[in-house]
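Asker: here is a sequence together with a model predicted from it:
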Amino acid sequence: MRNFLAAAACACAITMIPGRGLAQSSLDKLDALLQDISTLTADVTQLIVESDGGILEESEIRMQLKKPDGFYWETIAPFPELIVTNGKLLWNFQPDLEQVVIEDWDTSRSELAAQLLNGRTRQLSEEYTITLTSEAGEDHAQFSLLPIASESVYTEITISFIQAELDIIYLHSKNGQKTVWQFTNIERNLPLSDTLFEFVPPDGVEVIQNNYTN
């Protein structure tokens, strides 16, 4: 999800005007599905699937989001880990290692889920060609994101919605591996305290500060 933009030839940009118009329409539809979200909570099941279809790992995750920059992504099992940001600092807490790493937050390096659910689809459209690949009224919509940069670790990202709610994100890696995020128990616009997106390291935990924020 931390891909860099590839340089595009001007001639290519000119000749692809019809395609860009289609992509813009798809982007507008993706925007429409994500509108009216100020906060969002969900349970996430993450599957790491090998190229032969076998499940390498299954994780249980709790996600909470508060616009514009609050993001909370806690892996509960099998390996506990917490990633949380208030839009200025990023905390990565690993209880098993009794360690927390603190870094300056950079929205351009944020995870795909954070970019998408925070409504940063315009930022995504600079990194991916977004196409609506399937639509069945309000019941189902599926989008394909193809990386613009050739050095991307992904060949494709697929995002599916059911009843206007985010359902599944598939991340297709170049090595044939696939990451699947399935979202359940979604709740929109519940009150969430700003303190949820701040992290105070427990006593005795090693603190590694890689940030330069005063």
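Answerer: Sure thing, it's come through.

Asker: and Thr195, how close does it get to Gly70?
Answerer: 10 Å (C-beta to C-beta, to the nearest Å). For glycine as for every other residue, the C-beta is placed from the backbone atoms N, C-alpha and C.

Asker: so where do the strands sit in this protein?
Answerer: 39-49, 55-66, 70-77, 81-85, 89-94, 99-104, 128-136, 140-147, 154-162, 165-173, 178-188, 206-209 (DSSP state E).

Asker: would you turn the ones you listed into a markdown table with distance to Leu27, mean pLDDT and mean neighbour count?
Answerer: Shown next, in a markdown table, are the strands of the chain (distance: least, C-beta to C-beta, whole Å; pLDDT from 0 to 100; neighbours: other C-beta atoms under 10 Å):
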| stretch | distance to Leu27 | mean pLDDT | mean neighbour count |
| --- | --- | --- | --- |
| strand 39-49 | 20 | 93 | 18 |
| strand 55-66 | 20 | 93 | 16 |
| strand 70-77 | 22 | 93 | 18 |
| strand 81-85 | 25 | 93 | 19 |
| strand 89-94 | 27 | 94 | 19 |
| strand 99-104 | 29 | 94 | 16 |
| strand 128-136 | 5 | 85 | 16 |
| strand 140-147 | 9 | 91 | 19 |
| strand 154-162 | 12 | 90 | 18 |
| strand 165-173 | 16 | 90 | 18 |
| strand 178-188 | 21 | 93 | 15 |
| strand 206-209 | 38 | 94 | 11 |
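
Asker: and of these, who's closest to Leu33?
Answerer: strand 154-162 (5.4 Å; C-beta to C-beta).

Asker: just the C-alphas of that closest one, formatted as CSV.
Answerer: Coordinates of each C-alpha in strand 154-162 appear next as CSV, following Å, rounded to 0.1, in the frame of the first residue of the first chain:
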residue,chain,number,x,y,z
TYR,A,154,0.2,-5.9,-6.1
THR,A,155,-1.2,-6.9,-9.4
GLU,A,156,-4.7,-5.9,-8.5
ILE,A,157,-6.9,-4.8,-5.6
THR,A,158,-10.6,-5.7,-5.6
ILE,A,159,-13.1,-3.9,-3.4
SER,A,160,-16.7,-5.2,-3.0
PHE,A,161,-19.7,-3.6,-1.4
ILE,A,162,-23.0,-5.2,-0.3
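
Asker: now Val100: how far from Glu206?
Answerer: Counting by C-beta to C-beta, the gap from Val100 to Glu206 is 7 Å.

Asker: hmm, I typed the wrong one, I wanted Gln46.
Answerer: 26 Å.

Asker: equivalent analysis for Pro78, please.
Answerer: 22 Å.

Asker: returning to that earlier point: dump the strands of the chain to a markdown table, plus distance to Phe199.
Answerer: Putting these into a markdown table (distance: least, C-beta to C-beta, whole Å) gives the following:
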| stretch | distance to Phe199 |
| --- | --- |
| strand 39-49 | 18 |
| strand 55-66 | 13 |
| strand 70-77 | 9 |
| strand 81-85 | 5 |
| strand 89-94 | 4 |
| strand 99-104 | 7 |
| strand 128-136 | 30 |
| strand 140-147 | 30 |
| strand 154-162 | 28 |
| strand 165-173 | 25 |
| strand 178-188 | 22 |
| strand 206-209 | 10 |
